[in-house]
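> Provided below for reference: sequence and predicted model.
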Amino acid sequence: MNKNILCGLLLLLSGQVFSQKYNFQTVKDIEATPVTAQENTGTCWSFSSTSFLEAEIIRASGKKLDLSEMYNVKINYLDKADNYVMRQGKAQFGEGGLNHDVINSAAQKGLALQSDFSGKLNPEDKYDHSKMVVELEEILKKAVAETPLKYPNWKTDYSDVLNRYMGKSDGVKTISPKELAATYKINLNDYVTITSFTHQPMYTQFILNIPDNYSNGFFYNVPLDEFVSNIDYAIERGFTVALDSDVSEKTFSAKNGVAVIPEKEEDTEKCITEIKPEMKITPEFRQAEFENYNTTDDHLMHIVGKARDQKGNVYYKVKNSWGTKSGIDGYVYMSVPYLKLKAISVLVHKDALLPKTKEALKL
């Protein structure tokens, strides 16, 4: 065979071996509700948590519900306002929140169906809280500046803004925690948040000091490999997982539906379309990235399964809340290294934890 032809064939084959496009094969797919869109709002935390609870209801009772994300949002906006004013403005206020905020609001005020509370005045409108948040914050800052004594009607003004943008929620039919347990087999006390950071002792409960943890929710700390093993164990047993993660990396591609951490910096652009070797993530590197603000709690999503590419690399199938035109039909395939480095925490049913973890945490 001509030497030039042979070289050409070898180059072609090497390109096929080392530059393969992603081809995901399902390993585990857990039933969940369809992808929805948070649109122009910072309410991913409610979309993530609500999707998670819908999947939990399917798993526990076999029933399918379309729960209202915005009912949870409105309840939390009221709680955030009290927290901000009582702390004299020395507290986080904004659109963000965490998974446990929905669990807390559901325990206090129940859950509503989407058909009973859409969070829109006109069902055809898109969600857009940009102006609403500005108006709410102005009221809170005024209440702090003047003191509630001199501005006694601040709560009424604040609620009026919420009602004007989201609709009235007073009198909305809700699913109470008691009904949730009796009819849908969901006990809201059964859910825990686990994480992995080295600045706190392992197997202890602590308040993670991130901006959106306005409600001072507790996190259980476990070693990094055990953190990942618990996620795997949950998925294998048919439990989905609510995820809080950083998505600011260039290698989190909403367009391509892929999230990876390449081993080599020069692969940053290529790795969102082609399989490339990934970095080995240590607890020390994870901690450093958190402490230097390269890892922040940007976005919350919902892990509903696992997949492999043609090289055997494992990915988590993550349901996003940016609509079906984002990613792969609304899903992102997140590699294990990406999750190890960029996952802030996960919310899981305590029975989805590894027995050794459950025992160590005394759950």
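Nice, thanks for sending it over.
> ok, longest helix in this protein?
Longest helix in the chain by number of residues (criterion: DSSP state H): helix 130-150.
> Which stretches in the protein count as helices?
Using DSSP H, helices in the chain cover 3-18, 44-61, 69-86, 99-109, 130-150, 154-166, 177-184, 224-236, 283-291, 336-342, 355-360.
> can I get those in TSV with mean pLDDT?
Output for the helices of the chain, formatted as TSV (pLDDT from 0 to 100):
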stretch	mean pLDDT
helix 3-18	47
helix 44-61	98
helix 69-86	96
helix 99-109	97
helix 130-150	97
helix 154-166	98
helix 177-184	98
helix 224-236	98
helix 283-291	98
helix 336-342	98
helix 355-360	98
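> Identify whichever of those helices lies nearest to I261.
Nearest to I261 among these is helix 336-342 (4.4 Å), distances taken as CB to CB. In this view, the C-beta of every residue, glycine as well, is placed from N, C-alpha and C.
> What residues does M70 make contact with?
43, 46, 117-120, 127, 166 (CB atoms under 8 Å, 6 or more residues apart in numbering).
> I should have written K358 there, sorry.
With CB under 8 Å, 6+ apart, K358 has these contacts: K350.
> if I look at it, how far off is Y191?
To Y191, K358 is 13 Å away according to CB to CB, to the nearest Å.
> what residues are shared contacts of the two?
Contacts common to K358 and Y191, judged by CB under 8 Å, 6+ apart, are K350.
> Please name the bridge partners of the residue most central in space within the chain.
The centroid of the chain falls nearest to L300 when counting by CA atoms, centre = their mean (2.0 Å). Beta-bridge partners recorded for L300 (DSSP bridges): D244.
> my guess is it meets S49, correct?
Yes: L300 is within contact range of S49, at 7.3 Å (criterion: CB atoms under 8 Å).
> Name the residues contacting each of the two.
Counting by CB under 8 Å, 6+ apart, the contacts common to L300 and S49 are 99, 242.
> And the contacts of M70, which of them are buried?
Buried by 16 or more other CB atoms under 10 Å: 43, 46, 117-119, 127, 166, out of the contacts of M70.
> Figure out which of the helices of the chain is closest to V258.
Per CB to CB, nearest to V258 of the helices of the chain: helix 336-342, 9.1 Å.
> picking that back up, can you redo the buried ones among the contacts of M70 as TSV with distance to Q25?
Below are the buried ones among the contacts of M70 laid out as TSV (distance: CB to CB, whole Å):
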residue	distance to Q25
T43	33
S46	32
F117	39
S118	37
G119	37
Y127	34
M166	42
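> ok, of the residues you listed, which one's closest to E95?
T43 (6.2 Å).
> Now do the contacts for A91.
Applying CB under 8 Å, 6+ apart to A91 gives the contacts 83-84, 214.
> Distance of it relative to T296?
With distances taken as CB to CB, A91 is found 18 Å from T296.
> ditto for M279
Counting by CB to CB, the gap from M279 to T296 is 19 Å.
> Same question for V304.
Taking CB to CB, one finds V304 at 24 Å from T296.
> same question, I231
From I231 over to T296 the distance is 20 Å, taken as CB to CB.
> Those two: which has the busier surroundings?
More neighbours surround I231 than the other of I231 and T296, with 23 against 17 (other CB atoms under 10 Å).
> Does that one touch V346 like I think?
Yes: using CB under 8 Å, I231 is in contact with V346, at 6.0 Å.
> Skip the chain neighbours and tell me the closest residue to H129.
Counting by CB to CB, 6 or more residues apart in numbering, H129 lies nearest to T41, which is 4.4 Å off, once chain neighbours are set aside.
> didn't that neighbour look like it was pressed against D128?
Yes: counting by CB under 8 Å, T41 does reach D128; the two are 7.0 Å apart.
> which of those two has more neighbours?
Neighbours were counted for T41 and for D128 using other CB under 10 Å; T41 has more, 22 against 12.
> Contact partners for the more buried one?
73, 95, 127-129.
> Would you format those as a markdown table with distance to A181 included?
A markdown table is the format used below for the contacts of T41 (distance: CB to CB, whole Å):
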| residue | distance to A181 |
| --- | --- |
| V73 | 23 |
| E95 | 30 |
| Y127 | 30 |
| D128 | 35 |
| H129 | 32 |
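> of all those residues, which two lie farthest apart?
Farthest-apart pair in those is V73 and D128; separation 12.9 Å (CB to CB).
> if we can go back for a sec, identify, from the contacts of T41, the entry nearest to K270.
Nearest member of those to K270, counting by CB to CB, is E95, at 34.1 Å.
> Tell me the spacing between the closest residue to the closest one other than its chain neighbours and L300.
In this structure, E95 finds its nearest non-sequential neighbour in G42, 2.9 Å apart by CB to CB, 6+ apart. With distances taken as CB to CB, G42 is found 10 Å from L300.
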